[in-house]
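1. sharing a model prediction with you, sequence too.
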Amino acid sequence: MTDRYQKGMVIRREVLGDAHVDRAQAATTELDAAFQDMITESAWGTVWASDGITRRERSMLTLALLAAMGNFDEIPMHIRATARTGASPQDVAEAFQHVAIYAGVPKANRALKIARHTFAEMEAAAPAEQADD
């Protein structure tokens, strides 16, 4: 493994959490192993590893871009990551307002619905997670 891959895996785990990354790795097959390696090196080991902007800002950008491009399946994962990146629900709402103006109200509306649902799941899970501590 390259240094960039190793750094990417550390950041991926910091942002998405060990449980998510462990599930992704366990589900990796021969067909998508190279793809997973590329994501870890490129997205996490290069883009997310840059210190040019904060993780909070990067989180908001990522969510806005996902919504603007209609990649709604990725939004819950990145909403959950906000607990680790420091992006607040208000930050997310602001990002989606930009999506509404620059990419379309329907995309922003759908992204907000997904965000509300995911934040509610996170809030409901919080007492159970605290009890485990």
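-> Alright, I've got the coordinates.
2. quick check: mean pLDDT of whichever strand or helix holds residue 6?
-> Secondary-structure element containing residue 6, defined by DSSP states H and E: helix 3-16. For helix 3-16, the per-residue pLDDT values average out at 97.
3. got a list of what the residue nearest to the spatial centre of the chain touches?
-> Central residue of the chain (C-alpha atoms, centre = their mean): residue 78, 2.2 Å from the mean position. For residue 78, the contacting residues are 59, 62-63, 66, by C-beta atoms under 8 Å, 6 or more residues apart in numbering. Every residue, glycine included, has its C-beta placed from N, CA and C.
4. and it, helix, strand or coil?
-> helix (DSSP: H, G, I helix; E, B strand; the rest coil).
5. how does the protein divide up, domain by domain?
-> Listed domain ranges for the chain are 1-50, 53-133 (source: automatic domain parsing).
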